[in-house]
Structure formats: C-alpha cells, structure tokens
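Novice: Whatever this is, show me its structure:
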Amino acid sequence: MKIVVIGGTGLIGSVLVAKLRESGHDVTAASPSSGVNTLTGAGLTEALPGADVVVDVANSPSFEDTAVMEFFQTSGRNLLAAEAAAGVGHHVALSVVGADQIPDSGYMRAKAAQEALIKSATTPYTIVRAPQFFEFVGSIAEGAADGDTVRLPPAPMQPIAAADVSAALAEIAVDKPANGTVELAGPEKIRQDDFVRQFLAAKQDTRQVVTDPAARYFGADVNDGSLVPTGPARVGATHFADWLATNRAKNA
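Specialist: Down below sits the predicted model:
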C-alpha cells in the first residue's frame with residue numbers, strides 16, 4: 001500500500017512510519033519540514049496522488065483556544081478536500097478519548113470539530129481515539145503545579161504508551177475503514193492524581209500531589225467519565241510501571 005502519514009516526523013508519526021515501512025508499505029512521512037503543510041495546503045496535491053491511505057497524526061503547534069480550533073478545522077478541510085481529489089480510499093485520524101466529553105476545553109472542542117469534518121466528508125474513514133500518553137504525564141504534573149504542591153482530581157484515566165498507539169495505528173491503517181470510531185486504552189485504569197504521584201515518586205521528585213475533586217484538568221472540569229473510553233477499547237500492552245522503569249533506566 002501507498003500510505004501518507006501527516007505529522008510523520010513527530011512522537012507518534014515517526015514510529016508509525018517505521019512500523020509501516022517494516023511491513024513493506026510505501027510510506028511518505030509528510031510534515032512542514034518535508035514541504036507538506038496541511039494548514040496552508042502546500043504540498044498536498046503533490047503528496048497524495050496514488051495514496052491508498054492517509055493517516056493524520058498532526059497536532060496543533062498552539063493549544064490556545066482560537067489557534068487550535070483554526071488549526072484542526074483549516075487543516076482538516078484542506079486535507080479532506082485533497083484526499084477526495086486524489087481518490088484516497090481510507091482516512092485515519094488520531095483523536096482523543098473524551099473529545100466530546102469536556103466542552104470547556106478548547107483543545108477538546110477543536111478535536112470534536114475535526115471529527116465532525118471527517119464524518120461529513122466523502123472519504124471512508126476511521127477515527128482513532130487515544131487516551132493520554134504516558135509521555136505526557138510530566139506535562140500534566142506541571143500544568144497542575146503550584147510551588148511544592150500538585151493539585152489534581154481523582155478522575156479515572158486509562159493512559160497508554162505512545163509506542164502502543166503507533167502500533168495500533170499501523171494495524172488500523174491497513175485494515176478496512178470502520179466509518180466510525182475506534183477507542184484505545186492502556187492496560188490499567190488509574191486515577192489522575194495517582195498517575196502523577198507514581199511518576200513523581202519514580203523521579204524522586206518531592207512535590208506533594210494533593211487530591212482535590214474540584215481541581216481542573218488544564219483548566220477544564222472532569223468527572224469519572226471524561227477521560228476513559230465510552231465502550232470496548234483496543235488495549236495496549238505496556239504497563240505504566242514498566243514504562244517508568246524503562247525510562248528510569250534510560251535516564252540513569
């Protein structure tokens with residue numbers, strides 16, 4: 001298959017490109033650095049002809065409410081129009097678990113808008129909703145930090161290793177379009193406060209995690225159903241404890 005990965009040089013995209021190439025597919029790693037910019041539309045007409053599948057794992061460079069909405073809507077329209085013109089048979093997009101459950105989050109509103117564009121387009125599609133990556137636990141901690149205290153809600157999560165997301169996308173990309181949504185999850189459910197608490201303990205970071213049901217997740221209210229899959233999910237193989245141990249060894 002000829003597969004174009006939009007955002008093919010990032011955290012998820014670079015591993016995905018490698019996995020697909022190992023399986024014998026003709027893969028283009030498309031990104032602004034390679035001359036393909038979905039926000040401006042530059043390079044799309046050159047990159048997509050002959051493509052069987054397009055996998056969109058690109059992310060907005062800004063999470064500010066207006067900027068992130070503009071990125072996903074403009075990029076989505078440009079990409080889907082170019083796919084229709086090129087006759088692409090399968091559009092795979094990486095989204096977020098809870099995209100339609102946290103309306104006071106500008107980022108989640110933008111991802112929900114991206115999903116709506118995909119569903120209304122003509123290209124057969126699969127939307128893949130992933131939970132928070134293990135790799136983002138430090139950002140969650142910093143976003144909730146106030147001096148020596150990290151205040152977080154006990155909202156349940158089912159975080160996943162980025163490598164497991166890439167592996168799932170590699171399988172989904174070469175499968176038939178679902179014309180629906182597939183949800184991913186890590187192998188265990190964990191409360192957000194405990195997720196960060198374990199991370200800080202592994203780093204020997206002495207900041208105290210305070211459990212606060214009223215604490216917000218990057219400025220948004222969350223509840224027991226906000227950050228977990230709404231139905232059956234494809235479960236990744238990597239446990240958080242093993243990921244922590246591996247990353248400790250890398251940084252030792």
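Novice: residue contacts, the nearest residue to A93 once chain neighbours are set aside?
Specialist: Closest residue to A93 apart from its sequence neighbours, by C-beta to C-beta, 6 or more residues apart in numbering: D56 at 4.6 Å. (Each C-beta comes from the backbone N, C-alpha and C, glycine too.) D56 makes contacts with 6-7, 38, 79, 91-94, as judged by C-beta atoms under 8 Å, 6 or more residues apart in numbering.
Novice: Q158 too?
Specialist: Listed by C-beta under 8 Å, 6+ apart, the contact set of Q158 reads 97, 131, 185-186, 188-190, 227-229, 233.
Novice: Quick one, which of those residues are buried?
Specialist: Among the contacts of Q158, those classed as buried by 16 or more other C-beta atoms under 10 Å are 97, 131, 185-186, 190, 227-229, 233.
Novice: what about the strands in this protein?
Specialist: Secondary structure of the chain (DSSP state E): strands located at 2-6, 26-30, 53-56, 90-96, 125-130, 145-146, 149-152, 156-157, 180-185, 190-191, 208-211, 234-235.
Novice: Model confidence score at A185, please.
Specialist: Confidence per residue is given as pLDDT, and for A185 that number is 98.
Novice: Check I12 too.
Specialist: Listed pLDDT for I12 reads 97.
Novice: looking at it, it is touching S166, isn't it?
Specialist: Yes. At 5.3 Å, I12 and S166 qualify as touching, with contact defined as C-beta atoms under 8 Å.
Novice: what's around G87, how many residues?
Specialist: Using other C-beta atoms under 10 Å, G87 has 12 neighbouring residues.
Novice: where's it relative to M69, distance?
Specialist: Spatial separation of G87 from M69 under the definition C-beta to C-beta, to the nearest Å is 29 Å.
Novice: same question, V128
Specialist: Here the distance between V128 and M69 works out to 21 Å (C-beta to C-beta).
Novice: Which one's more surrounded, those two?
Specialist: With other C-beta under 10 Å as the criterion, V128 and M69 differ in neighbour count, and V128 comes out ahead with 23 against 18.
Novice: Which residues are in contact with the more buried one?
Specialist: V128 sits next to 92-95, 168-169, 172, 181-184 when contact means C-beta under 8 Å, 6+ apart.
Novice: Turn the residues you listed into a markdown table, columns for neighbour count and distance to V222.
Specialist: Shown next, in a markdown table, are the contacts of V128 (neighbours: other C-beta atoms under 10 Å; distance: C-beta to C-beta, whole Å):
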| residue | neighbour count | distance to V222 |
| --- | --- | --- |
| V92 | 27 | 27 |
| A93 | 26 | 23 |
| L94 | 26 | 21 |
| S95 | 22 | 17 |
| A168 | 21 | 24 |
| L169 | 26 | 25 |
| I172 | 22 | 27 |
| T181 | 20 | 20 |
| V182 | 20 | 22 |
| E183 | 21 | 17 |
| L184 | 23 | 19 |
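Novice: V88 against G50, yeah?
Specialist: No. Between V88 and G50 there is no contact under C-beta under 8 Å: 9.3 Å.
Novice: Mind checking which of the two has more residues around it?
Specialist: With other C-beta under 10 Å as the criterion, V88 and G50 differ in neighbour count, and V88 comes out ahead with 24 against 11.
Novice: quick one, helices of the stretch 51-200 of the chain?
Specialist: Shown for the stretch 51-200 of the chain, the helices assigned by DSSP state H, counting those that start in this stretch span residues 65-86, 106-120, 137-143, 162-173, 192-202.
Novice: which parts of the shortest one are buried?
Specialist: Looking back up the chat, that one is helix 137-143. Of all the residues in helix 137-143, those buried under the rule 16+ other C-beta under 10 Å are 137, 140-141.
Novice: again with the longest one
Specialist: When burial is assessed from 16+ other C-beta under 10 Å, helix 65-86 yields the following buried residues: 68-69, 71-72, 75-76, 78-80, 82-83, 86.
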